[in-house]
Every structure is written in C-alpha cells, then in structure tokens.
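A.B. asks: got a structure for you, letters missing:
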C-alpha cells in the first residue's frame with residue numbers, strides 16, 4: 001500500500017501519549033497472526049570458521065542480514081570496482097538453508113571508503129549513488145527481497161530547521177537524496193521492499209521525542225510525494241538503563257502504520273554497560289527492555305520481522321563503544337558467549353510465535 005490508510009491516518013495524527021489503546025487494538029486486528037520471522041546480523045567468515053556459530057544461526061534464524069559486506073567500505077574500497085564475495089556467500093548460505101536475506105544498506109553516512117571524499121558536486125554524488133544502486137540492487141534483483149535503502153538519515157539531535165544527519169549525500173544532494181535513492185531502487189527492482197532504517201526512538205526523553213517527530217515529518221513528505229517507501233526499520237539498540245516509552249513508541253508506530261507502511265525490527269540489542277554487574281539481574285533487565293519495546297510495537301501491529309544485531313554475546317559490536325567499566329563482558333544479545341539462550345531469547349520466541 002503506497003497511500004495513507006484514511007482511518008488509521010486520521011486517528012493516528014491526533015494521538016496523545018495516553019490515547020493509544022483503542023487505535024492499537026484496531027490496528028492489531030488488521031495484522032497477520034502468523035509467526036514473525038526471526039533473524040540476525042551475520043558475520044560471514046564465522047559461518048565457515050565457527051561451527052557453534054553456524055549451528056546457532058541454523059537453529060534459530062529464518063532471516064539473515066550481513067553485519068558488513070554490503071556497506072560501501074566493503075563493496076567499493078576503491079573506485080570502479082565492486083567486491084561481492086561476502087554478500088554472495090551469505091546469500092548462498094541463506095538460499096541453501098531456506099532463509100531470506102535482507103540488504104543493508106545502500107545509502108548511509110558511515111562506512112564510506114576514503115575515495116568518496118573527493119566527490120565534490122551534486123551531479124557527481126548523484127551519478128555515484130545511482131551507479132551503486134544500479135549495480136548492487138541489479139545484481140541481487142529478485143533474490144534480496146528487502147533493502148534498507150537509506151540508513152540513519154535523521155540527526156541524533158534534530159532541530160526543526162535542520163533535522164537531517166550530515167553525510168556526503170545530505171551535504172551534496174540535500175534531503176532529496178532519500179527520495180532519489182528510493183526511486184532509483186524501485187526502478188531497478190520494482191518488487192523489492194524499500195525500507196528507511198533508523199534508531200533512537202524508544203526512550204521517554206526529549207531527544208527521542210524530537211527524533212520521532214523529525215522522522216515522521218520526513219516520512220509524511222515522502223508519502224505525500226508518492227515516493228516508493230514500503231516499510232520502516234526500527235533498529236532497537238536499546239539503552240539498558242532507560243525505560244521504554246511504550247506510549248510514545250505505540251503512537252509513533254500507529255502514525256507510520258497509518259501511512260500504509262510495514263514495520264520491521266531490524267537491529268535489536270540492549271546496551272548494558274550501565275546495568276548491574278550481576279549477570280542474572282542484568283539478563284532479566286535486558287529481557288524486560290526487549291519485552292517492553294516489542295510489546296509497544298506489537299500493540300499496534302505485529303512487525304514483519306524481528307532481527308537482532310548479532311546472535312551471540314561472543315560476537316557483538318557493543319563493547320567497541322560501550323565497554324563495561326567493571327571488566328565484565330557485555331551481554332546484549334539473545335544467546336550468551338557459549339550459545340546458550342538467555343531470557344532475551346525467550347522473550348523474542350514468545351513474541352514471534354504464531355498467535356491463535
């Protein structure tokens with residue numbers, strides 16, 4: 001559906017923080033009761049080198065997405081040449097094991113190769129972006145069904161007059177780069193699901209409220225311009241020490257769903273650097289944050305997918321930026337470092353299973 005659904009759109013536009021339940025119940029009845037596919041971000045070399053990791057993925061996942069491989073710095077470390085080894089291997093693994101693969105990502109501010117710093121004009125930026133989308137989406141047309149077309153476009157602290165994050169695309173093309181990327185991707189693969197993916201929406205803070213408002217303004221403008229946008233990816237990198245703004249998230253999802261957009265949870269984990277040292281207590285808090293976040297989404301509509309950013313605490317990005325001061329290992333993911341399920345995995349399994 002490419003236009004706003006009148007009833008949900010009209011109701012959602014007037015929501016206050018405390019008035020989501022009627023809309024949530026109405027929307028939930030419209031959504032599928034089938035099981036929600038679960039997946040994880042995958043490191044391709046570990047599928048070959050770590051048999052426990054491979055078994056964990058095979059035993060739990062219906063979807064995969066590459067942690068890397070399809071990012072510009074991996075695909076195009078030098079101009080004029082593409083390196084498809086990692087995404088080709090991950091797609092072959094997915095195909096061989098009855099899984100689907102998501103594409104992440106076509107336009108992002110980060111993980112850009114050094115050579116792109118020499119791009120200096122709008123025309124050149126558009127040409128390089130189009131070349132990238134034509135080559136990458138064209139290679140996987142009909143095989144990767146869902147793409148994070150633009151990733152993290154909204155600033156961490158968006159001002160009304162300047163909501164967009166600085167990037168090569170924003171700096172040289174402007175906000176129009178989002179629409180251009182969507183339209184080009186749709187032209188290359190008309191059957192692909194096109195997704196805007198972003199984070200930082202989930203807490204009861206002014207920062208999160210401002211980011212939700214800025215994101216909604218962008219999405220409304222895209223829909224009013226009939227841009228080919230089909231779904232929203234809510235990353236869900238949840239700060240463990242902060243409460244989930246359940247009413248705020250439900251209202252936000254209701255607005256998006258009311259514009260005819262599907263919802264995906266795309267990068268779920270819990271940043272636990274500020275949580276207690278005791279592992280059992282910490283795991284319970286992590287699970288409670290995930291439960292509150294998923295319930296806030298699910299009260300409006302069951303998402304089309306739930307993916308975590310990694311599957312085991314043995315391999316996670318979190319300690320790169322959020323290492324614990326007490327020396328304890330971070331525990332942000334559904335399986336521990338020995339691939340045993342934690343309370344977070346039980347929450348995910350309960351949420352994603354088919355509803356009667």
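C.D. replies: It's in. Here the structure is a predicted model, which means the values were calculated and not measured.

A.B. asks: I'd like the distance from stretch 148-161 to the chain centre, please.
C.D. replies: Centre-to-centre, stretch 148-161 and its host chain are 13 Å apart (CA atoms, centre = their mean, to the nearest Å).

A.B. asks: Any buried residues in that stretch, and which?
C.D. replies: 148-155, 158 (16 or more other CB atoms under 10 Å). For every residue, glycine as well, the C-beta is placed using N, CA and C.

A.B. asks: model confidence over it, on average?
C.D. replies: Here stretch 148-161 scores 97 as its mean pLDDT.

A.B. asks: First-to-last residue distance for it?
C.D. replies: 25 Å (CA to CA, to the nearest Å).

A.B. asks: go on, stretch 102-122?
C.D. replies: For stretch 102-122, the end-to-end distance is 29 Å (CA to CA).

A.B. asks: Where do the helices of the stretch 251-356 of the chain begin and end?
C.D. replies: With DSSP state H, counting those that start in this stretch as the criterion, the stretch 251-356 of the chain has helices at 279-298, 318-322, 343-352.

A.B. asks: and the shortest one, what other elements does it pack with?
C.D. replies: Judged by 3 or more CB pairs under 8 Å, 6 or more residues apart in numbering; DSSP states H and E, helix 318-322 is in contact with strand 262-271.

A.B. asks: Would you list the strands that the strand it packs on pairs with, along with their directions?
C.D. replies: Taking DSSP bridges as the criterion, strand 262-271 forms sheet pairs with strand 231-234 (parallel), strand 237-239 (parallel), strand 306-308 (parallel).

A.B. asks: how much does it deviate in direction from helix 343-352?
C.D. replies: 170 degrees (axes from the mean of the first three to the mean of the last three CA atoms, to 10 degrees).

A.B. asks: Any idea how many residues pack against residue 188?
C.D. replies: 19 (other CB atoms under 10 Å).

A.B. asks: Report the helix or strand with the lowest average pLDDT across the protein.
C.D. replies: helix 6-13 (a mean of 30; mean pLDDT, DSSP states H and E).

A.B. asks: re the thing from before, among the strands paired with strand 262-271, which is nearest residue 36?
C.D. replies: Comparing the strands paired with strand 262-271 against residue 36 with CB to CB, the closest turns out to be strand 306-308 (5.7 Å).

A.B. asks: quick one: contacts of the closest one?
C.D. replies: The contact list for strand 306-308 (CB atoms under 8 Å, 6 or more residues apart in numbering) reads 36-41, 63, 65, 102, 264-269, 294, 333-334, 348, 351-352.

A.B. asks: now stretch 121-132
C.D. replies: So stretch 121-132 is contacted by 72, 75-76, 106-107, 116, 119, 168-169, 172-173, 177, 180-181, 184 (CB under 8 Å, 6+ apart).

A.B. asks: nearest to residue 89, of those residues?
C.D. replies: Nearest member of the contacts of stretch 121-132 to residue 89, counting by CB to CB, is residue 75, at 13.5 Å.

A.B. asks: Can you pull the phi/psi pair for that closest one?
C.D. replies: Backbone torsions of residue 75, given as degrees, to the nearest 10, read phi -80, psi -40.

A.B. asks: Quick one: the helices of the stretch 251-356 of the chain as CSV, columns for mean pLDDT, distance to residue 57 and mean neighbour count too.
C.D. replies: Formatted as CSV, the helices of the stretch 251-356 of the chain follow (pLDDT from 0 to 100; distance: least, CB to CB, whole Å; neighbours: other CB atoms under 10 Å):
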stretch, mean pLDDT, distance to residue 57, mean neighbour count
helix 279-298, 98, 19, 20
helix 318-322, 98, 19, 14
helix 343-352, 98, 13, 19
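
A.B. asks: nearest to residue 251, of these?
C.D. replies: From the helices of the stretch 251-356 of the chain, taking CB to CB, the stretch that ends up closest is helix 279-298, at 9.3 Å.

A.B. asks: Centre of the chain to that closest one, how far?
C.D. replies: 18 Å.

A.B. asks: Next: stretch 264-278.
C.D. replies: 15 Å.

A.B. asks: again, but for stretch 218-226
C.D. replies: Centre to centre, stretch against its chain (CA atoms, centre = their mean), the figure for stretch 218-226 is 19 Å.

A.B. asks: what's in contact with it?
C.D. replies: Residues contacting stretch 218-226 (CB under 8 Å, 6+ apart): 2-4, 153-154, 163-164, 175, 178-179, 182, 196, 229, 232, 256, 259-261.

A.B. asks: quick one: which of these sit in helices?
C.D. replies: 178-179, 182, 256 (DSSP state H).

A.B. asks: Out of those residues, which is nearest to residue 88?
C.D. replies: Taking CB to CB as the measure, residue 182 is the one of the ones in helices among the contacts of stretch 218-226 closest to residue 88, at 24.9 Å.

A.B. asks: what ranges do the helices span in the stretch 101-250 of the chain?
C.D. replies: Using DSSP H, counting those that start in this stretch, helices in the stretch 101-250 of the chain cover 122-139, 168-172, 176-188, 206-224, 246-258.

A.B. asks: Need the winner for burial among these.
C.D. replies: Of these, the one with the most neighbours on average (mean count of other CB atoms under 10 Å) is helix 246-258, at a mean of 24.
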